[in-house]
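> Okay, here's the prediction I keep looking at, along with the sequence it came from:
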Amino acid sequence: MKNIYLVGFMGTGKSTVGRALAKRLDRVFKDLDDLIEEKENKKIAEIFEEKGEEYFRKIESEVINEISRKENFVIATGGGAVVNEENYKRLKESGVLISLAASPEEIYERTKNSKNRPLLNVQNPIEEIKRLMFERAYYYIKSDHIIDTTGLSVEDVVDEIMEII
Ligand code: S3P
């Protein structure tokens, strides 16, 4: 079976939903950010701080390249992973892309205490969430399926995905 990739903005629940979905399907769950941290032996925030975003994106692409050669996983991608055309192509060829969405306000609430989201570590996070969302909308909406998670529980989202697949 092909992989199932959860894509979408930070804080849309990709990792939480992915874990629950993998359990339901009896598949193995992988989080791309965890794989990047393992590979670099550093937290995402440290990678951004010490080596910069460009370096992080390079490792992210390498990890996508490796995982897309495998099958049967449920995988949560980082919010910026699909913005790179090459990454997008690899993911699309090796699995089904399910995009999770939520409102900027809900995303802000879900991410405001996170120390591991360097891109939102700015003066006006809500404005930055809106700006990045607008910039990335094109990539998120070309997924195979889109689920608006606003107001839904994790199990509700898993139910929707189960119906889709
Ligand atoms: C990023 C999202 C993060 C992580 C990194 C960059 C992004 O993952 O990969 O901080 O560019 O949107 P989550 O979407 O899991 O928070």
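Right, received. Where do you want to start? For clarity, every value in this text was computed on a predicted model and none was experimentally measured.

> neighbours of residue 165, just the number please.
As a burial measure, the neighbour count of residue 165 was computed by other Cβ atoms under 10 Å and equals 13. Every C-beta, even on glycine, is put in place using the N, C-alpha and C of the backbone.

> doesn't residue 95 make contact with it?
No. Counting by Cβ atoms under 8 Å, residue 165 stays clear of residue 95, with 10.6 Å between them.

> Need the residues touching each of the two.
Listed contacts common to residue 165 and residue 95 are residue 4; contacts here mean Cβ atoms under 8 Å, 6 or more residues apart in numbering.

> ok, and does stretch 100-108 reach over to the ligand?
No. Stretch 100-108 is not in contact with the ligand by Cβ under 6 Å from any ligand atom; minimum separation 9.8 Å.

> In that stretch, which residues are buried?
For stretch 100-108, a neighbour-count test (16 or more other Cβ atoms under 10 Å) marks 100, 101, 102, 104, 106, 107, 108 as buried.

> for it, how far is the first residue from the last?
The separation between the terminal residues of stretch 100-108, taken as Cα to Cα, to the nearest Å, is 15 Å.

> So which residues make contact with that stretch?
In this structure, residues lying in contact with stretch 100-108 by Cβ under 8 Å, 6+ apart are 6-14, 17, 110, 125-126, 129-130, 133, 140, 146-150, 157.
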